[in-house]
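Student: Requesting a structural model of the entry that follows:
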Amino acid sequence: MAISLTDSAAERVKSFLLARGHGIGLRLGVRKTGCSGFAYVINYADAPEPGDAEFQDHGVRVFVDSASLALLDGTVVDFVKQGLNEAFRFRNPNVKGECGCGESFSV
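Tutor: The predicted structure is shown next:
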């Protein structure tokens, strides 16, 4: 099981945590929603939760809850800027389909 970050994503997380002034890393998960079934959830991690899997990449700790781990295994998190838009992007090898708006995915 592995979750990894690109250089761009790691730098963005580090800058967010520094600006925020506290936190120990990044929390990733999924929730049931949208037209395709699941959506990514991304947030700060202030402490490990019971059952979390922990990964470290580019000096950033990444926490994933046990229910989300199988759906996120092998995912690469990137941070992309396009003009005025910027967002985290997920390259998830488990995804079988995505909705047209890109907000949700199916496995």
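Student: got the contact list for residue 31?
Tutor: Neighbouring residues of residue 31 by Cβ atoms under 8 Å, 6 or more residues apart in numbering: 38, 39, 41. (Each C-beta comes from the backbone N, C-alpha and C, glycine too.)
Student: For it, what is the enclosing helix or strand?
Tutor: Element membership for residue 31 (DSSP states H and E) is strand 25-33.
Student: what mean pLDDT does that strand have?
Tutor: Taken as a whole, strand 25-33 has a mean pLDDT of 91.
Student: Report the beta-bridge partners for residue 64.
Tutor: On the basis of DSSP bridges, residue 64 is bridged to residue 28, residue 53.
Student: Which pLDDT does the model give it?
Tutor: Note for residue 64: predicted pLDDT of 96.
Student: Tell me how far it lies from residue 12.
Tutor: Going from residue 64 to residue 12 by Cβ to Cβ, to the nearest Å gives 18 Å.
Student: Pick out whichever of the two has more residues nearby.
Tutor: Per other Cβ atoms under 10 Å, whichever of residue 64 and residue 12 has more neighbours is residue 64, with 26 against 22.
Student: How about the contacts made by that one?
Tutor: Contacts of residue 64 by Cβ under 8 Å, 6+ apart are 3, 27, 28, 29, 52, 53, 55, 72.
Student: Is the fourth one in contact with residue 68, as I believe?
Tutor: It refers to residue 29. Yes: Residue 29 is within contact range of residue 68, at 4.2 Å (criterion: Cβ atoms under 8 Å).
Student: Mind listing the shared neighbours of the two?
Tutor: Common contact partners of residue 29 and residue 68 (Cβ under 8 Å, 6+ apart): residue 41.
Student: neighbours around residue 17, how many?
Tutor: Residues near residue 17, counting by other Cβ under 10 Å: 18.
Student: Surely it is within a strand?
Tutor: No: with DSSP: H, G, I helix; E, B strand; the rest coil as the criterion, residue 17 is located in helix rather than a strand.
Student: Leaving out sequence neighbours, find the closest residue to it.
Tutor: Spatial nearest neighbour of residue 17, chain neighbours left out: residue 23 (4.8 Å); criterion: Cβ to Cβ, 6 or more residues apart in numbering.
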